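Chemist: kindly return the folded structure for what I paste below:
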Amino acid sequence: MSILDTIAPRQGKKQRRWTPSVIAKSSFYVFFAVLCVFVLISWVMLGDEQTLDPIPATQTEEVVFAQVENYLKNTIVPANYSGAGQSCWSLFAEDEYTVEYLDLGSWRIDAWYDKVRYFWRVDDLTLEVTRDLWFATMNERVPC
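Modeler: The predicted structure is shown next:
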């Protein structure tokens, strides 16, 4: 039996028009049609890829690394971590650092300590150094 036979029955049949199954079927077909229209409109409107121009860096790697070095020299490891009482720079001094510009107006600097990689962010304009907790791990040894 088709949905149209249920909604508009033939002459002579005495049936209820709006049963729960008819409402469910009708709701499904309406939802599916609306979904198809939404996908079509989204595909037409958002089909062209938009590329943003990268923000050019105003600082150099040396200046940014000097800011991170200064930050680490002035940060002391708390008592409940290994290496307590030392400056963070004494823990990371011998490590190899990776400095990269992220095309978003900030720099990311990372280094390894005790098999854990630590990340810092430096704003390109203000040179403000912050710990990048996006990459925080469960086995961190130092909160620098």
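Chemist: is it fair to say residue 118 lies in a strand?
Modeler: Yes - with DSSP: H, G, I helix; E, B strand; the rest coil as the criterion, residue 118 is part of a strand.
Chemist: tell me the spacing between it and residue 134.
Modeler: Relative to residue 134, residue 118 is positioned 12 Å away (Cβ to Cβ, to the nearest Å). Backbone N, C-alpha and C define where each C-beta goes, glycine included.
Chemist: between these two, which is the more surrounded one?
Modeler: Ranked by neighbour count (other Cβ atoms under 10 Å), residue 118 and residue 134 place residue 118 first, with 25 against 8.
Chemist: could you give the bridge partners of that one?
Modeler: The partner list for residue 118 in beta bridges (DSSP bridges) reads residue 111.
Chemist: looking at it, it is touching residue 88, isn't it?
Modeler: No - using Cβ atoms under 8 Å as the test, residue 118 is too far from residue 88 to be in contact (9.0 Å).
Chemist: and residue 130, that one's in a strand?
Modeler: Yes - under three-state DSSP, residue 130 falls within a strand.
Chemist: ranges for the helices of this protein?
Modeler: 3-7, 20-46, 61-73, 88-92 (DSSP state H).
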